[in-house]
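# 3D, please:
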Amino acid sequence: MSAALELARPVRCCLFVGLGGIGQRHLRNLRQLRGSTVEVHAFRVRRERHVVSDTLQLVHGEDVESKYGVQVHDELEAALAQKPDVVFVTNPSSLHVDVTRRALAAGAHVLVEKPLSHSLCGVADVVEDVRRTGLVGYVAYQLRFHPGFLRASQILTQGLIGCPLFAEATVGEYLPSFHPYEDYRRMYAARRELGGGVTLSQIHEIDFLMALLGRPERVFSMGGKLSSLEVDVDDVSSSLLEFRGAEGRVLPVRLHQDFVQRPAERRTVIVGEGGKVEWSLSGKTLRRYGADGALCESHDYAELPRNALFEAELSHFLDCVENGRAPCVSLSDGAESLAVALAILESQKSGLPVNVGAVLDRAGFGASP
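Residues are numbered from 1 along each chain as shown. This next block holds a predicted model:
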């Protein structure tokens, strides 16, 4: 029997480390999926009691702890002493590694919000902890469950656009609109000491590009703190990523990320020898074109609830824990996408291309996590 199967168990007790917008979303979905069958604990620091809705609005007159039946602890040790089956690591990314290691040491499976961390310091150790213990370590990239991503993956696997030649991905949205319920200047995304910045906060594109095309070898990037937003992090990042396609040929990918665009734009295009696929999250569509430019297929996701992705993600994570399955995004995968993001930031500072493998080597990973 595998270690994962030996550690598989029903989820009866959960611990949340952080109950901001994303923590509350996971908690809300947990209650919807499992009702009152799961005991919920939380380690909280700021202890703000407001309830955040599915649309990221404040729900007045409700208390998050009483609404969801949360038992709160002032110390992480006391919270872990409750022996949770799983720990949701939903605090600022600069705190992820320490909390994740302590959760694993306590015998808990972990869901870690993206990015895995703000640096690679200690990440090799936490990846090794998961390997050694056999516990589930999942990094929360909910776009892996979007039907647009899933169809794009099928299109590439089935060779429907031929050999990919180049790609570009854009994610741009206005930071003050992220969380209408709070001052953007308090958000982790706006603060360097909490692991913020557009390159790290908007890391989803890096993750799914790697899932579709593999790991880039080198990156070159320009950007930084360019706008008048009251932040101390990078808010515009334009990068060129060097992937390898068929027979080792260069497959260039342009990645643009920003905190300033209004209206928001989020789209990915992959062009191949025999056509192209366009997935627009902002336009809520996916289209595939043939070699002659004719539209071959079109999908409309206008009716897809955003929360459906988080529900699917949580169901996947719970299934991994309870049935001993491997998660679709492991901590090793999270380490690789983080390494690419950090290589982008390093390139912006140096003005030179940066080898992603070298970034991983310096962090103690060797050729690959």
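# could I get the full set of helices for the stretch 251-369 of the chain?
306-323, 331-350, 356-362 (DSSP state H, counting those that start in this stretch).
# deepest-packed of the ones you listed, please.
Using mean count of other C-beta atoms under 10 Å, the stretch among the helices of the stretch 251-369 of the chain with the greatest mean number of neighbours is helix 331-350 (a mean of 23). For the C-beta atoms, the positions are set from N, CA and C on the backbone; glycine is no exception.
# of the helices of the stretch 251-369 of the chain, which is nearest Gly195?
Closest to Gly195 of these, according to C-beta to C-beta: helix 331-350, at 10.2 Å.
# can you tell me which helices and strands the closest one packs against?
Applying 3 or more C-beta pairs under 8 Å, 6 or more residues apart in numbering; DSSP states H and E, one finds that helix 331-350 contacts helix 123-133, strand 137-140, helix 198-201, helix 204-213, strand 218-224, strand 236-244, strand 354-355, helix 356-362.
# flag every buried residue along stretch 176-196.
For stretch 176-196, a neighbour-count test (16 or more other C-beta atoms under 10 Å) marks 176, 178-179, 181-182, 184, 187-191, 194-196 as buried.
# just stretch 206-222 next, same as before
Neighbour-count burial for stretch 206-222 [16+ other C-beta under 10 Å]: 206-213, 215-216, 218-221.
# now do stretch 112-132
For stretch 112-132, by 16+ other C-beta under 10 Å, it's 112-120, 122-124, 126-127, 129-130.
# for the residue lying closest to Ser239 once chain neighbours are set aside, what are its contacts?
Distance criterion C-beta to C-beta, 6 or more residues apart in numbering; nearest residue to Ser239, sequence neighbours excluded, is Ser221 at 3.8 Å. Ser221 makes contact with Thr199, Ser237, Ser238, Ser239, Leu240, Ile344, Leu345, Ser347, Gln348, according to C-beta atoms under 8 Å, 6 or more residues apart in numbering.
# kindly report the same for Leu194.
Leu194 neighbours (C-beta under 8 Å, 6+ apart): Pro92, Ser93, Ser94, Leu95, His118, Tyr188.
# flag the least confident of those residues.
Taken together, the contacts of Leu194 show their lowest pLDDT at Tyr188, with 89.
# any idea how far that one lies from Asn323?
33 Å (C-beta to C-beta, to the nearest Å).
# same question, Ser282
36 Å.
# of the buried residues of stretch 206-222, which pair is most distant in space?
Ala211 and Phe220 (21.8 Å).
# that older thread, mind putting the buried residues of stretch 176-196 in TSV, distance to Glu313 and secondary structure included?
Shown next, in TSV, are the buried residues of stretch 176-196 (distance: C-beta to C-beta, whole Å; DSSP: H, G, I helix; E, B strand; the rest coil):
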residue	distance to Glu313	secondary structure
Pro176	26	helix
Phe178	19	coil
His179	20	coil
Tyr181	22	coil
Glu182	23	coil
Tyr184	25	helix
Met187	22	coil
Tyr188	20	helix
Ala189	20	helix
Ala190	25	helix
Arg191	26	coil
Leu194	23	helix
Gly195	21	coil
Gly196	22	coil
